[in-house]
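Enquirer: Quick one, what's the 3D model for this:
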Amino acid sequence: MSMNKFFQPKNALKRAEDLEAVGKPNLALETLHDLLNSSKHKKQWTAVHEEIMIKFLDLCMQLKRAPEAKDGLYQFKIVTGTSAVNSLEKVVRYYLKTAEDKVAEAWQQSQLRDATNVNDEIDDLEEAQTPEQVLLAAVSADGETERANRVQLMPWLRYLWEAYRAVLELLRHHSKMEHAYHATARQAMRFCHQYERRNEFRRLCNMLSLHLNQWRTPYQSKSGQAGIDINNPQTIQYSLDTRFELISYAGKLEQWQEAFRAMEEVTGLLDSAPEKPSPPVWGIYYHKLAQIFWRSKDYAFHAAAWHQMFDNAIRNAKSFNRDDIQYAASAVLLASLTVPLANLDTMVKPMEGYLPEVRASRQQRLAGLLGLSRMPSRDELLQYMFDLNVMTYVHPALKDLYNLVEDEFDPLQLSQKAAPVLEFLKSHEQFAQYVTPLKYILLLRLLKQLSQLYSSLKLERCFKLASFMTPEECEEVLVHAVQDKVLQLRIDHARGSLHFNNNIFAFNERQVNDGPKLQNLQAEMMNGQLTTLSRRLYTAINMIKPAVVQESQMGVKAINRIKDEVAREHVSNLSRRDEIEKQKEELEQSRRRRHQEQMQKHHQNQMQVRQKMAEAVKKNQEELERQKLQLQREEIERQKALEALNDVSSSSAGQKVVQALNKSDLGTKITAQDIHKMAYEQQKKDARERQERLRAEEKRLDHMERAKRLREIPRRKEHIAAMSEQNAKWHTELQSARLEKARVDHAKALGLKELLKAFAPDKDAYIEEKTAERRKEYMAKLDDFKQRMQEQKIRLEREERERKREEKRRAEEEEQRRIKQEEEDRKQREREAKREQERQEQLKLEEAERKKMEEATKLQRQREEQVRAREQEKLSNLSAQTSQPTWKRSARSDAPTTAAPSSMRVSSWKGDASDDSGRSQPFRPSRGGERDSGRSFSGLGDRGDRAPRDTGRSFSGLGDRGDRAPRDTGRSFSGLGDRAPRDFSGRSEPSRSGPRDFSGRSEAGRTSGERRALHVPSGGADKPSGDNVWRSSRGAGSERRVNIPSRGDDKN
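Expert: Here you go, the predicted structure:
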């Protein structure tokens, strides 16, 4: 959208707000962007420009258009210049603050508190997303958190990083915005640390280093504004603070390489400072150096850094408090003692993998940071520690540590004495890092001291003495110490022992201070034994006979001279032959060397010729490829140029460009960009021409209007004079008529007044009368109103009392209902508990009855077995009496019958045979004759010629039950005629209100009909019904029924 019609920034701002309100933020952004790029509005800053820039940045953040925001900031910087620096700073701070708020909001929405997924999602915020990554993200089964992270959080993280970069690039050469530049750098560091953006942190470090190097070169902007002066003390202080902050965040992000580079920049800034830095600055510098050296495992330089810091604190005691000095002194002691011993790589191998030249160069660089010429040794550090009188300022808990490590010889108590010190170090976070290296040093001192006391030692004993370390750690230290020739020992795992190598001929080279000693080892004493003996004998002879000693010395000297001459001559004679052979070998070697050099030179010449030929061929091929690519590029450019011509030919300006171009130059001299540029320039030219034409037309119209106005002025004056004269005449006439009318009206009013004066008393009386009536009515209505208000007040009070009484009554009723409901609930629970208790008791009774029935069944079976045995016995006794007569039915005289003996009758009741001679029959009435019962007996088991009645039982002899098992009727019989009555106590019937008691009845009280009716049918027999059915349980799940007829119901 063209901005030609928005001549004022306010109009552009209003237009952008209107477009945003109707949902067109892109057009609004283009409107403001065109305004900022317009050269017409860059001449003078106004307050509206600040509002426009804030709105522009809001739209950029809404659309996530970081490049447009960067371009807008650069244009706004040009507008503000040096006169509105505060406005630029305000806009920059608003931009960063809003972007940070957007990131924080996206962070909350994505619900990522762990920050690990943030780092895993996109490693590089500046890396564009490839099509493969887009497809992979589309088909991958990400969770809601990962999807929210990718869609919501990552774009805002990328936008915020671009914002930091843009602001740093914008302010890098702005001397008046230097504080804002460093504040932005610290904000970017916090951003990298908060979201763990390590790649962006490295880029930030590179950017700051590049800017620092650029500041070393004088810079001046196009507007004449000077850049940042690196020699300015304020600039140096800003840079130092930023670098120290950078080192702190580098340590948190484990970016120690960047920390070291920043420390080198700090060193350069301190060296180039025109003024001497303050002591606190040096203290921070040495403290950061100590941290970096500790992480790089350069323990000697770490200790040297603490020495420098302590020296700085002592020399400038006014700038440091006592706690800082004590902390520095304690750190110096610990750092010096924990420096590894010479040739000992047990803890670390910091220089492993470096070439000697690289190692020397690295040590020189590290020493240069501290102002040293070389790496200090452990002994030098300890000596320098005493020179600084460090032991006076160390913490009281650490004062005995040096004596424990370096002076005292007490290996058996070393562990106990070191335990409090180690606990103290562990309890203080700033000293905890020295615990592990101090343990290594203590273990080596312990083993050195033990080697002077023992030739061998149990491993268990050694580990017990070194209780401050685990056995695995102790063994690792032992192996490395032997490997690096710090100790001479061997470990025997088979016997679990440790053997110190005290061989008198063993190699023993002392390179470092081994600490306190009780005595020299045997090997050390043997190495100097002969020398010591010779020296002492020579001293004794010199004391006894000095002259002899002198003569012997002269003789010895002469003999030594002769020996030396003889030896020299002998060596010279022997060396002639060797010299000749050596010269021959040297000549031969020289000849071979020349031949080899000639062959190598010839081979090199051939290789150079081949290489030149190959390079020429390769160069020709590359030239052909280059020409081919050039032709292809020219063709592509020509096609692009033709397309551009077709694009621009649709406009009048483009047609002019097409007519002016030479088409033969397309693709070579004229490209598509040139065509678009020419079309753009032609459009601008046409626009300028239109503006010129409009201005000329405006000028012509202005002159024409001016001439018309000049000719119109005399005529307008004449018209005004005529109108003035006429208006004066009209005013005089109107004024005269108004006065005359007023006089007439006044005369009429005076006449009317005289006429109405006679009615004045009557009028006053009438008004007084009406006023009294109205007052009386008013007072009556007022009294009525007061009475009604009083009645209403009484009624409201009564209603209020009724309402309170009703509420109280309802509350009481509610309370009563609640109490009643609680009482009913309690009774219901009690009834349920009682029913549950009765049910449990009923279950217990049924269980007891079941057990009782089982016992009765078992007893009945035993009795039946006894009866069956007795019947078998009686059957065997009566087997010979089969010929005796028996009784028979009178109706069937033709059937062969046999009368039963008088001594043996079969009762109609189910039971055993009994003797009727000696007892009465209480169960049957006395009869004169035999009763036909429908059954006959022929002997023992003979039924006669009539089928017996189906009673569900069959008899075979006296006691033979037939082919079905006897049913359990709950009764048992013992002996002939002996029957035990069944106990029916405690039994209940479902159809009766209470249990029927049969316990009082006996067999004598029943009639024969009752006895016969106590029939136990099988499953297919007729089932009795009504109250005459009695059910009982015979075992689990069984049921039987017995029909009990009423008395006198015997029909058989």
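Enquirer: care to break this structure down by domain?
Expert: Structural domains assigned to the chain are 400-527, 532-647, 934-966, 967-1052, following automatic domain parsing.
Enquirer: Could you report the neighbour count for Q237?
Expert: 17 (other Cβ atoms under 10 Å). Every residue, glycine included, has its C-beta placed from N, CA and C.
Enquirer: Can you show me the CA trace of the host helix or strand of it as PDB?
Expert: Per DSSP states H and E, Q237 falls inside helix 233-252. The C-alpha trace of helix 233-252 is given here as PDB (Å, rounded to 0.1, in the frame of the first residue of the first chain):
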ATOM      1  CA  PRO A 233      37.200   3.800  31.700                       C
ATOM      2  CA  GLN A 234      33.400   3.500  31.800                       C
ATOM      3  CA  THR A 235      33.400   1.300  28.700                       C
ATOM      4  CA  ILE A 236      36.100  -0.900  30.200                       C
ATOM      5  CA  GLN A 237      34.100  -1.300  33.400                       C
ATOM      6  CA  TYR A 238      30.900  -2.100  31.500                       C
ATOM      7  CA  SER A 239      32.900  -4.700  29.500                       C
ATOM      8  CA  LEU A 240      34.500  -6.300  32.600                       C
ATOM      9  CA  ASP A 241      31.100  -6.600  34.300                       C
ATOM     10  CA  THR A 242      29.600  -8.200  31.200                       C
ATOM     11  CA  ARG A 243      32.500 -10.700  30.900                       C
ATOM     12  CA  PHE A 244      32.400 -11.600  34.500                       C
ATOM     13  CA  GLU A 245      28.600 -12.300  34.200                       C
ATOM     14  CA  LEU A 246      29.400 -14.300  31.000                       C
ATOM     15  CA  ILE A 247      31.900 -16.500  32.900                       C
ATOM     16  CA  SER A 248      29.400 -17.200  35.600                       C
ATOM     17  CA  TYR A 249      26.700 -18.300  33.100                       C
ATOM     18  CA  ALA A 250      29.300 -20.300  31.200                       C
ATOM     19  CA  GLY A 251      30.100 -22.300  34.300                       C
ATOM     20  CA  LYS A 252      26.400 -23.000  34.900                       C
END
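Enquirer: Name the residues that touch it?
Expert: Residues from elsewhere that reach helix 233-252, judged by Cβ atoms under 8 Å, 6 or more residues apart in numbering: 178-179, 182, 185-186, 189-190, 192-193, 201, 205, 208, 212, 215, 228-230, 256, 258-259, 262-263, 265-266, 269-270, 272-275, 277, 281, 284, 288, 291-292, 295.
Enquirer: for stretch 161-169, same thing?
Expert: Stretch 161-169 is touched from outside by 66, 69-70, 73, 92, 95-96, 99, 125-126, 181, 184-185, 187-188, 191, 197, 200, 204, 207-208, 211, with contacts defined as Cβ under 8 Å, 6+ apart.
Enquirer: Equivalent analysis for stretch 414-421, please.
Expert: 397-398, 400-401, 404, 408, 410, 438, 442, 445-446, 449, 465-468.
Enquirer: Equivalent analysis for stretch 25-34, please.
Expert: Counting by Cβ under 8 Å, 6+ apart, 1-3, 6, 12-13, 15-17, 19-20, 52, 55-56, 59-60, 62-63, 65, 68, 71-72 sit against stretch 25-34.
Enquirer: any idea of the mean pLDDT for stretch 250-262?
Expert: In this model, stretch 250-262 has a mean pLDDT of 85.
Enquirer: That stretch: which residues count as buried?
Expert: A250, G251, L253, Q255, E258, A259, F260, R261, A262 (16 or more other Cβ atoms under 10 Å).
Enquirer: Throw these into CSV and include distance to R365, thanks.
Expert: As requested, the buried residues of stretch 250-262 are arranged in CSV below (distance: Cβ to Cβ, whole Å):
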residue, distance to R365
A250, 18
G251, 20
L253, 23
Q255, 19
E258, 16
A259, 14
F260, 9
R261, 11
A262, 14
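Enquirer: So which of these is the closest to S572?
Expert: Lowest distance from S572 to the buried residues of stretch 250-262 (Cβ to Cβ) belongs to F260, with 60.7 Å.
Enquirer: right, and the closest one touches I292 too?
Expert: Yes. Taking Cβ atoms under 8 Å as the definition, F260 is a contact partner of I292 at 5.7 Å.
Enquirer: Buried among the contacts of stretch 25-34? Need that as a selection in PyMOL.
Expert: Per 16+ other Cβ under 10 Å, the buried members of the contacts of stretch 25-34 correspond to this PyMOL selection:
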select buried, resi 3+6+12+13+15+16+19+20+52+55+56+59+60+65+68+71+72
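Enquirer: Please name every helix or strand in contact with the lengthiest helix in the chain.
Expert: Looking across the chain with DSSP state H, the single longest helix is helix 760-877. Packing partners of helix 760-877 (3 or more Cβ pairs under 8 Å, 6 or more residues apart in numbering; DSSP states H and E): strand 972-973.
Enquirer: Among the buried residues of stretch 250-262, find me the one that's closest to T46.
Expert: Closest to T46, out of all of those and judged by Cβ to Cβ, is A262, at 41.8 Å.
Enquirer: pLDDT below threshold where in the stretch 451-600 of the chain?
Expert: 502-532, 538, 542, 545-553, 555, 573, 577 (pLDDT under 70).
Enquirer: mind running it again at 50?
Expert: 503-513, 517-519, 522-523, 525-526 (pLDDT under 50).
Enquirer: A644 and I675 touch, don't they?
Expert: Yes. A644 lies in contact with I675 (Cβ under 8 Å); the separation is 4.1 Å.
Enquirer: Mind pulling up the pLDDT for D298?
Expert: 85.
Enquirer: Count the residues that sit near it.
Expert: With other Cβ under 10 Å as criterion, D298 counts 21.
Enquirer: R295 now?
Expert: R295, neighbours per other Cβ under 10 Å, totals 16.
Enquirer: Would you mind confirming that it is in contact with F260?
Expert: No. Using Cβ under 8 Å, R295 is not in contact with F260; the gap is 9.2 Å.
Enquirer: returning to that earlier point: check the offset of the longest helix of the chain from the chain's centre.
Expert: Centre-to-centre, helix 760-877 and its host chain are 56 Å apart (Cα atoms, centre = their mean, to the nearest Å).
Enquirer: do stretch 163-171 as well
Expert: The answer for stretch 163-171 is 32 Å, by Cα atoms, centre = their mean.
Enquirer: Next, the buried residues of that stretch.
Expert: Those would be A163, Y164, R165, A166, V167, L168, L170, L171, for stretch 163-171 by 16+ other Cβ under 10 Å.
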